[in-house]
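[1] What shape does this take:
(chains A and B)
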Amino acid sequence: MKKVVTGNHAVSYGVKLARAQVIAAYPITPQTQVVELLSEFCASGKLNAKFIKVESEHSAMAACIAASASGARAFTATSAHGLALMHEMLHWAVGARTPVVMANINRAMGPGWSVWTDQNDSLAQRDVGWIQIYCESNQEVLDTTIQAFKIAERVLLPVMLILDAFVLSHTSEPVDIPDQEQVDEFLPPYNLKTKLDVNNPRAYGGLTNPDHYFELRYKIQKAHTEALAVIKEIDEEYKKHFGRQYGLVEPYRCDDAKVILVTSGTITSTARLVIDEMRDEGRKVGLLKYRVFRPTPREILRDILYRAQKVCVIDRNISFGHGGIFAQEIKSVLYGLPASPPVYSFIIGLGGRDVTPKDIREIIEYTYKEETPAEPVIYRGVRL
Amino acid sequence: MPSIKELSREPELFSSGHRACTGCGEVLAVRQVLLAATKPVACAMPTGCLEIVSTIYPHTAWQVPMFHSAFENAAATISGMEAAYRALKRKGKITEEINFIAFGGDGGTYDIGFQALSGAVERRHRFLYVCLDNEAYMNTGIQRSSATPLGAHTTTSPAGKVKPGKLEWRKDIVEIMIAHDIPYAAQATVWNWNDLANKVRKALSVNGPSFINVLVPCPLGWGYHSSQTITLSRLAVETCFWPLYECENHKYRLNYTPKEKLPITEWLKLQDRFRHLFREENKHLLNAFQEEVDRRWELLNRKIKCSQ
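    Just a heads-up that it's a prediction; the model follows:
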């Protein structure tokens, strides 16, 4: 059924179709609509879940972890400071190997206080061990929500799907909402092998001495490595059921491209238009949408980017004292290849400042024209 | 009322071989609570002494499921467990009745875990929260908490020339929980096992959240010989520092009346943490301590009278 829905509501529909059993959430702009609609689904009986209206995001994640370990499919959603407050429990969800799914609406961190889009909230959680998937459209948001549960439950890692504040969260787009029966065929009921069970009591989260800790961490990393193939497989399976797939990354007109632009989130949609325009002008430019950020799809990134003469990366985030985070990642992926293309790093649109086709075009033009970047990081549009 | 015979026939759900100190009051409380629980239980606990002595991976002293998840969120964790249970029960995936019990120390309850506890009881999850109150952060090496009594020497409220230990009175957590209008809240200690067992049964029978604050003497943190745990928990009651009482559906009840109210010094003098209070220059603190005990005891008795 096609319906015009916001990004936030696309998440809610996905969670409903995935038959989440426990939802624990705390309101924060711009995420609130996700849980408002889920509350309505619960109130009207359309979704048979327990909704815990917790008193903080920290408790939201704690409750989701415990619910997940107790055998219930658990979901939460948050944004920016809410995500930061969860930080400790984000580690915990990974260490406890609980397949919690969360939607994070990318919002800038304060101060200055901001509700607008920026990737620093989720990227600050890069190293906690969650799978991170950045979405471009409301359709992708809904599809990724459904996929996320299947991925998480296969590899026993929590999954964070990420969408831009307002640009997606509050923007309505036509979205194909699958039938419940179709989703049930794709996504089996939650069935955790090891769970809290009064008939088979175990202890969780015990003190772990140096004889055991390292191995547990190694297994998490191993699960991440395996997750790459699992995400791909589930994406392909999704296509068979619903006719749509997204890939770990999405190359767009990259085949003979001399310059490839790397983007994530909604900037990708704007960039697609620019690439088409420039291609019409005979320019050999391509676009790579970085979708699955963790685990890093190293091989596929290398395969696509290695063929270009130059790579430019747009970051709507900043690692202070270093630079754009996606650019760092791309550089690290390309490092060590003989004659790997130079990476031009651009930071733009922090705190939700608009990123226009003109900006993107100039970034590509600059990369095309300049032999080397004037600075290791170029700040586009900063008014000083 | 469970008899000691009856309790001794119950299977021990917290096994020997755990690594608590000799004379640990906390572990006595856990054993008593689990013996008194009648239905299957699932438990949660925050970080603390109890966690590190009972669940050293890959071992566990618990014969019940136990989930440890950070320091400030035992109540949020048990909320998630209880919600999952309800969701699965509604769908017929779990058929048995299960009780939920969270065990938190005073740090994880009065201080860092208080927000989660307040939220969980306001939401009316059905669970029992047992605070194992040893009046300081013992796991990290005896730092003051908001449960530490006036004048107590801890490593962050040391008794010195200028400051005579902790300068503030303790928070009254039971009253705070009663103010949440929960169906059952009580105070107990390990000396009176019968009283504690009764309270656990009552708490688990109510339809909603319940809270029991159990005084658990700590030989290391309080500075006394490990053979004196029961004596100290008894004297805390006999001096009326720790009245055994409950509040059930807005009705206060005293569960034990000391035959003779002993002076607080009878309790204080056995503990190294209060030794400095017996110096001449700190006499005023001893007086202040006694006055505060008296004031609270009187206040409690008035509440009992008023709520009848």
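
[2] Surely B:Thr60 and A:Tyr204 touch.
    No. Using Cβ atoms under 8 Å, B:Thr60 is not in contact with A:Tyr204, being 9.2 Å away. The way it works is simple: take the backbone N, C-alpha and C, and place the C-beta from them, glycine included.

[3] The two: which is more packed in?
    Of the pair B:Thr60 and A:Tyr204, A:Tyr204 is the one with more neighbours under other Cβ atoms under 10 Å in any protein chain shown, namely 24 against 20.

[4] Now do the contacts for that one.
    With contact set as Cβ atoms under 8 Å, 6 or more residues apart in numbering or on different chains, A:Tyr204 has these partners: A:69, A:96, A:196, B:65-69.

[5] mind checking the SS state of residue 28?
    You didn't say which chain, so I picked chain A. coil (DSSP: H, G, I helix; E, B strand; the rest coil).

[6] For the spatially most central residue of chain A, identify the helix or strand it belongs to.
    Centroid-nearest residue in chain A: A:Ile133, 2.4 Å away (criterion: Cα atoms, centre = their mean). Under the criterion of DSSP states H and E, A:Ile133 resides in strand A:131-134.

[7] Please report how far A:Ala93 lies from A:Lys222.
    17 Å (Cβ to Cβ, to the nearest Å).

[8] in chain A, what residue sits furthest out from the centroid?
    Largest separation from the mean C-alpha position in chain A: A:Asn199, at 37.5 Å (Cα atoms, centre = their mean).

[9] show me what contacts it?
    B:Pro40.

[10] Show me which residues of the stretch 101-250 of chain A are close to chain B?
    Proximity of the stretch 101-250 of chain A to chain B (Cβ under 8 Å from any Cβ of the partner chain) is limited to residues A:196-199, A:201-209, A:212.

[11] 10 Å instead?
    A:189-190, A:195-209, A:211-213, A:216 (Cβ under 10 Å from any Cβ of the partner chain).

[12] Pull out the buried members of these.
    The neighbour count (16 or more other Cβ atoms under 10 Å in any protein chain shown) marks A:190, A:195-196, A:198, A:201-208 as buried among these.

[13] Nearest to chain A: which residue in the stretch 151-300 of chain B?
    Distance from chain A to each residue of the stretch 151-300 of chain B (Cβ to the nearest Cβ) is smallest for B:His180, at 12.2 Å.

[14] quick one: that residue and B:Phe211 touch, right?
    Yes. Between B:His180 and B:Phe211 there is a contact under Cβ atoms under 10 Å: 8.4 Å.

[15] Can you work out which residues contact both of these two?
    Common contacts of B:His180 and B:Phe211, defined by Cβ atoms under 10 Å, 6 or more residues apart in numbering or on different chains, comprise B:117, B:121.

[16] which of the two has more neighbours?
    Higher neighbour count among B:His180 and B:Phe211: B:Phe211, with 27 against 15, using other Cβ under 10 Å.

[17] Can you name the element that comes right after the helix or strand hosting the more buried one?
    Following DSSP H and E, one finds B:Phe211 within strand B:210-215. Using DSSP H and E, the next helix or strand after strand B:210-215 towards the C-terminus is helix B:219-222.

[18] That next one: how far from the chain's middle?
    In terms of Cα atoms, centre = their mean, to the nearest Å, the centre of helix B:219-222 is found 16 Å from the chain centre.

[19] Tell me which residues of that helix come out buried.
    Along helix B:219-222, these residues count as buried under the neighbour rule (16+ other Cβ under 10 Å): B:219-222.

[20] Dump the C-alpha coordinates for that helix into PDB.
    The C-alpha coordinates for helix B:219-222 follow below in PDB (Å, rounded to 0.1, in the frame of the first residue of the first chain):
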ATOM      1  CA  PRO B 219      32.400  -5.700  58.600                       C
ATOM      2  CA  LEU B 220      35.000  -4.000  56.400                       C
ATOM      3  CA  GLY B 221      33.200  -0.700  55.900                       C
ATOM      4  CA  TRP B 222      31.800  -0.300  59.400                       C
END
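
[21] so what does that helix touch, helix or strand wise?
    With contacts taken as 3 or more Cβ pairs under 10 Å, 6 or more residues apart in numbering or on different chains; DSSP states H and E, helix B:219-222 sits against helix B:229-238.

[22] try 8 Å this time
    Applying 3 or more Cβ pairs under 8 Å, 6 or more residues apart in numbering or on different chains; DSSP states H and E, one finds that helix B:219-222 contacts no other helix or strand.
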